[in-house]
Every structure is written in C-alpha cells, then in structure tokens.
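Visitor: give me a 3D structure for the following:
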Amino acid sequence: MARPPHPAEQFRSLGRIYQLVGEFVAPIVVGLVVDLVAKTAPWGIVIGVLIGLLIGSIRIAQLAAQIGAPPKNPPDPPGPA
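Guide: Next comes the predicted model:
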C-alpha cells in the first residue's frame, strides 16, 4: 500500500498550484486595471488573457518536464543479500 505524501511535499504541491493560478490570473487583473484606467475596454483584458495563457502554458510544460524527468540522484542499487 502506498504511503501518504510527506507534509513538505504537500506544501510544495500546493505552492505550485497557487503559482499556476497566479500566472493565469495576474495578467488578467493587470489588463482589467489598464482597461479601467485607460478606458480601453476590452483590449486590456483580451491581452491579459493571451499573456496569461502563454505564461501559464509555458509553466505547465516546465512542470510536466520536471515531473517526467528521471531523479537527479538515482537510488543506490541494492547490495548483496
């Protein structure tokens, strides 16, 4: 039976989730503020969505590559029994 993840690993995973959400949402919020200040609606939000999708997609690809990569320090082979 699999062991539950260590709390430190759970916090790292939660941090990655918050980071991804922020990378998608922050450019949209910035675009909304630009729209409100410069009266350019809806172009600030549109550009914010596109930038958020680009940044978020790149980050998801990076995380997927990290998860799929072999460990940096492979475990030692078992010794003689």
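
Visitor: against V34, how distant is W43?
Guide: Distance from W43 to V34, counting by Cβ to Cβ, to the nearest Å: 8 Å. From N, CA and C alone the C-beta is placed, and that goes for glycine too.

Visitor: what's in contact with stretch 23-30?
Guide: Residues from elsewhere that reach stretch 23-30 (Cβ atoms under 8 Å, 6 or more residues apart in numbering): 44-45, 47-49, 51-53, 55-56, 59.

Visitor: now the residues you listed in TSV, with pLDDT, neighbour count and distance to P77?
Guide: Output for the contacts of stretch 23-30, formatted as TSV (pLDDT from 0 to 100; neighbours: other Cβ atoms under 10 Å; distance: Cβ to Cβ, whole Å):
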residue	pLDDT	neighbour count	distance to P77
G44	93	21	57
I45	93	20	55
I47	95	17	53
G48	94	23	51
V49	94	15	50
I51	95	17	47
G52	92	21	45
L53	93	14	44
I55	91	16	41
G56	89	19	40
R59	88	16	35
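
Visitor: quick one: which of these is nearest A38?
Guide: Among those, G44 lies closest to A38 (Cβ to Cβ), at 7.1 Å.

Visitor: that closest one reaches G31, doesn't it?
Guide: Yes - checked against Cβ atoms under 8 Å, the pair G44 and G31 is within contact range at 3.8 Å.

Visitor: of W43 and V34, who's got more company?
Guide: For W43 versus V34, neighbours defined as other Cβ atoms under 10 Å are more numerous around V34 (17 against 12).

Visitor: next SSE downstream of the helix or strand containing that one?
Guide: V34 is located in helix 7-38, with elements delineated by DSSP states H and E. Per DSSP H and E, the first helix or strand lying C-terminal to helix 7-38 is helix 43-68.
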